[in-house]
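Novice: Could you work out the structure for the sequence below:
(one chain, ligands or ions: 1)
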Amino acid sequence: MLQRVNPGNKSLADYRSIIRRELYDEVVELGKRLDGARVLHVSATSFGGGVAEILYTLVPLMRDVGIETEWDIMFGAEAFFNVTKGFHNALQGADYDFTVEGKAIYEEYNRQSAAALVESGEEWDVVLVHDPQPALLKHFADGYAPETKWIWRCHIDTSTPNRQVLDYLLPHITDYDAQIYTMAEYTPPDVSLPGLTLIPPAIDPLSPKNMALSADDSRYIVSQFGVDPERPFLTQVSRFDPWKDPLGVIDVYRAVKEEVPEIQLVLIGSMAHDDPEGWDYWNRTVNYADGDKDIFLFSNLTNVGAIEVNAFQSIADVVIQKSIREGFGLVVAEALWKARPMVASRVGGIPMQVAAGGGILVDTIPEAAEACIKLLKDDEFARSIGRRGKEHVRENFLMPRQLRDNLALYAKLIG
Ligand code: UDP
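Specialist: Below you'll find the predicted structure:
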């Protein structure tokens, strides 16, 4: 009921010239202190979404600095993921019908995964459990390896939760030796988490999505998709989902077009064949675009993968993130890292990324349109914003920093 993922190899030394020397040394030092420690990550899936994106870099780098690290995913049926999707939304405040049957399914898959962990005979110094799906692993592995330290990593905003689901999970969450959140504001209200540790996520500057791509190569890729690289374009890369507000982005584009008629808009979103909500929202966005030849909608299913996302982000004149609600928004750090001027909503984890003058925070569609127009008309202003955004990401949101914060927590727990 647990499946091992092979995330490949990475070397910390490759990041040496990108990050500050002190950070590099700190990571190496922590690696030496923890040499030979055994850490297991458990998450729900190895494909799609921010958690998988992070683990594909964090796990190989942990290994590279001397920690014996593995990553297992839960082997669950559709019924289980339906329940946990409901939990996920409920913890972010949505209504949820918490049934006896749903609880039984959730507990059964957690019980089976815990049994698999115990039966594997492997012992870990730290087991790091990601998000609500495997949150009961510790509970059902009761009595297993008493020395093991357990960490629960919450990637979502649980500050306005559905109380029923939270009250059910809370005794289990507080039972972990530590709880990692992205921001203090995301922790549940009126609850004291004994081992609360704040660690924001980070991006991999050397992955195909974020590695340096020349302007010429980017222009070539963009032109292959029918977008005119000689004319300015706005882009948003996000799932087709009401919280990412692609329709609002089209409104922003329309307001910009009144002032800058040659503007184009590129909306990119990853889609799954079995995600009817995603398709419904894709169709709504297509209808809203109303046949406008300067609006382009792309997805992984039309061959827009990591390199193509990289190309569009690398040469967009303005990158928009018009989210209504956002956990962290890795895609914001990805665009800032490419030194693009960013216009983004003041929600969730976005303001901590769009800080220090690297980007423009907005609250409304007219404000977003005005910011885009200003950036399109003033090259020097756009360049300086882009540069500052990139430096802010270099200091705060590249993977070696997240690696350092994780290692420091393990060192605190296992001495
Ligand atoms: N992403 C992608 N292709 C797409 C849309 C999104 O590769 O068409 C990636 C994006 O680059 C980012 C991740 O999916 O790495 C989304 O993470 P984020 O935290 O921004 O949002 P989430 O989808 O987790 O709410």
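Novice: Close to the ligand: what parts of the stretch 301-415 of the chain are there?
Specialist: Ala306, Val309, Gly327, Phe328, Gly329, Leu330, Val331, Glu334 (C-beta under 6 Å from any ligand atom). All C-beta spots, glycine's among them, are computed from the backbone N, C-alpha and C.
Novice: Average pLDDT for stretch 224-239, rounded please.
Specialist: Taken as a whole, stretch 224-239 has a mean pLDDT of 97.
Novice: hmm, it touching the ligand?
Specialist: Yes - using C-beta under 6 Å from any ligand atom, stretch 224-239 reaches the ligand at Val237, Ser238, Arg239.
Novice: So which of those wins on neighbours?
Specialist: If you count neighbours using other C-beta atoms under 10 Å, the busiest of these is Val237, which has 27 neighbours.
Novice: can you pull the buried residues of the helix or strand containing Tyr106?
Specialist: Tyr106 is part of helix 100-119 when elements are defined by DSSP states H and E. Going by neighbour count (16 or more other C-beta atoms under 10 Å), the buried part of helix 100-119 is Gly102, Ile105, Tyr106, Glu108, Tyr109, Asn110, Arg111, Gln112, Ser113, Ala114, Ala116, Leu117.
Novice: Any residues of the stretch 1-150 of the chain in contact with the ligand? List them.
Specialist: By C-beta under 6 Å from any ligand atom, the residues of the stretch 1-150 of the chain that approach the ligand are Gly49, Gly50, Glu53.
Novice: where's the second one, which helix or strand?
Specialist: Counting by DSSP H and E, the secondary-structure element that holds Gly50 is helix 49-64.
Novice: circling back to that earlier point, separate out the buried members of the residues of the stretch 1-150 of the chain next to the ligand.
Specialist: Gly49, Gly50, Glu53.
Novice: Tell me the one of those residues nearest Glu22?
Specialist: Glu22 lies nearest to Glu53 out of these, by C-beta to C-beta, at 26.2 Å.
Novice: ok, the closest one touching Ala333?
Specialist: No - Glu53 is beyond contact range of Ala333, at 10.9 Å (criterion: C-beta atoms under 8 Å).
Novice: Which residues are in contact with each of those two?
Specialist: By the contact definition C-beta atoms under 8 Å, 6 or more residues apart in numbering, Glu53 and Ala333 are jointly contacted by Ile203.
Novice: Nearest to the ligand: which residue in the stretch 1-150 of the chain?
Specialist: Gly50 (3.7 Å; C-beta to the nearest ligand atom).
Novice: Excluding chain neighbours, what is closest to that residue?
Specialist: Counting by C-beta to C-beta, 6 or more residues apart in numbering, Leu330 is the residue found nearest to Gly50 once chain neighbours are left out, at 5.1 Å.
Novice: and that neighbour, what does it touch?
Specialist: Counted by C-beta under 8 Å, 6+ apart, Leu330 has contacts Gly50, Glu53, Ile54, Pro201, Ile203.
Novice: Check pLDDT for those residues and point me to the minimum.
Specialist: Gly50 (84).
Novice: Contacts only, for Leu213.
Specialist: Leu213 neighbours (C-beta under 8 Å, 6+ apart): Ile307, Asn310, Ala311, Ser314.
Novice: at 10 Å instead, please
Specialist: Ile221, Ile307, Asn310, Ala311, Gln313, Ser314, Ile315, Lys338 (C-beta atoms under 10 Å, 6 or more residues apart in numbering).
Novice: secondary structure class for it?
Specialist: Secondary structure, DSSP: H, G, I helix; E, B strand; the rest coil: Leu213 is coil.
Novice: State the pLDDT value of it.
Specialist: 98.
Novice: do the same with His273
Specialist: Per the predicted model, pLDDT is 66 at His273.
Novice: Next: Leu301.
Specialist: For Leu301, pLDDT reads 87.
Novice: quick one, what contacts the residue lying closest to it once chain neighbours are set aside?
Specialist: Closest residue to Leu301 apart from its sequence neighbours, by C-beta to C-beta, 6+ apart: Met271 at 5.3 Å. Contacts for Met271 were tallied using C-beta under 10 Å, 6+ apart; they are Gly48, Arg239, Phe240, Gly278, Trp279, Tyr281, Trp282, Ser299, Asn300, Leu301, Thr302.
Novice: give the contact list for the residue most central in space within the chain.
Specialist: Nearest residue to the geometric centre of the chain (C-alpha atoms, centre = their mean): Gly50, 3.0 Å. Gly50 makes contact with Asp131, His155, Ile156, Pro201, Ile203, Gly327, Phe328, Gly329, Leu330, Val331 under the criterion C-beta under 10 Å, 6+ apart.
Novice: The second one: what secondary structure?
Specialist: Here His155 is recorded as coil under three-state DSSP.
Novice: Do I have it right that it meets Val129?
Specialist: No - contact criterion C-beta atoms under 10 Å: His155 and Val129 do not qualify, at 11.4 Å.
Novice: between the two, what contacts are shared?
Specialist: In contact with both His155 and Val129: Ser43, using C-beta under 10 Å, 6+ apart.
Novice: coming back round to it: can you redo the contacts of Gly50 as TSV with secondary structure?
Specialist: TSV is the format used below for the contacts of Gly50 (three-state DSSP):
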residue	secondary structure
Asp131	coil
His155	coil
Ile156	coil
Pro201	coil
Ile203	strand
Gly327	coil
Phe328	coil
Gly329	coil
Leu330	helix
Val331	helix
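Novice: And those, which is the shakiest by pLDDT?
Specialist: Least confident of the contacts of Gly50 in the model: Gly327, at 86.
Novice: contacting residues around that one?
Specialist: 49-50, 92, 154-157, 182-183, 186, 201, 243, 348-349.
Novice: What subset of the residues you listed is buried?
Specialist: Of those, these count as buried by 16+ other C-beta under 10 Å: 49-50, 92, 154-157, 182-183, 186, 201, 348-349.
Novice: Among the residues you listed, which pair sits farthest apart?
Specialist: Most distant of these, by C-beta to C-beta, are Gly49 and Met183, 18.5 Å apart.
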